[in-house]
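Visitor: Below is the sequence, then the predicted model.
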Amino acid sequence: PAPPGSSGAGGPGASTTKDDVSRSGGAAGSGTVRAPLRVYNNSTITGLAARAAADFRNAGWQVEEVGNYPSGIIPTSTVYYRPGTAEQQAAQALGTQFGLRVEPRFQGLDEASPGLIVIATNDYRGR
C-alpha cells in the first residue's frame with residue numbers, strides 16, 4: 001500500500017532485473033551491505049535531493065540518479081527497498097547512518113529498477 005498522504009501512482013524506473021547489491025568495507029571497514037541508490041526530492045527545498053546524494057556519496061554509497069518525486073506526498077525522509085532481497089540490509093544500514101525511516105517499497109515503486117530509493121522530505125538533515 002502507498003504511504004499515508006501519497007497517491008502511490010507512478011514511480012521512478014521500470015525494471016525488474018537481478019539484485020545489484022554488494023558488500024563494501026566502507027570508510028570504517030564495517031563490511032556493510034551496499035546497494036545503488038536513487039535519490040528523489042519530495043520537499044519544498046530546492047536541491048534537497050542533490051544535497052542528500054552528495055552526503056550519501058561522501059559516505060561511500062553509489063548514487064545512480066537524482067531527481068524529484070512528484071507522485072504524492074511522502075511524510076518523512078525514507079529509504080525504500082525490495083522485500084525479500086539483500087536490499088533490506090543495505091536499507092537498514094543507510095537508514096541508521098542517516099536517520100532515515102526504512103520501509104518496503106509501496107505500489108508505484110515496487111516495479112522500479114533494483115536498488116534503494118531514497119525520498120527526501122523537508123525533515124532531511126544529512127550528516
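Guide: Sure thing, it's come through.

Visitor: Strands along this protein, start to end?
Guide: Assigned by DSSP state E, the strands in the chain fall at 22-24, 32-34, 37-41, 63-68, 78-81, 101-104, 116-120.

Visitor: And those: which comes nearest residue 94?
Guide: Set against residue 94 and scored by CB to CB, the strands of the chain come closest in strand 78-81, at 5.1 Å. In short, each C-beta sits where N, CA and C put it, glycine included.

Visitor: For the closest one, which strands pair with it and how are they oriented?
Guide: strand 101-104 (parallel), strand 116-120 (antiparallel) (DSSP bridges).

Visitor: CSV for these, including mean pLDDT, mean neighbour count and distance to residue 64?
Guide: Formatted as CSV, the strands paired with strand 78-81 follow (pLDDT from 0 to 100; neighbours: other CB atoms under 10 Å; distance: least, CB to CB, whole Å):
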stretch, mean pLDDT, mean neighbour count, distance to residue 64
strand 101-104, 98, 16, 19
strand 116-120, 98, 28, 10
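
Visitor: closest to residue 51 out of these?
Guide: strand 116-120 (8.2 Å).
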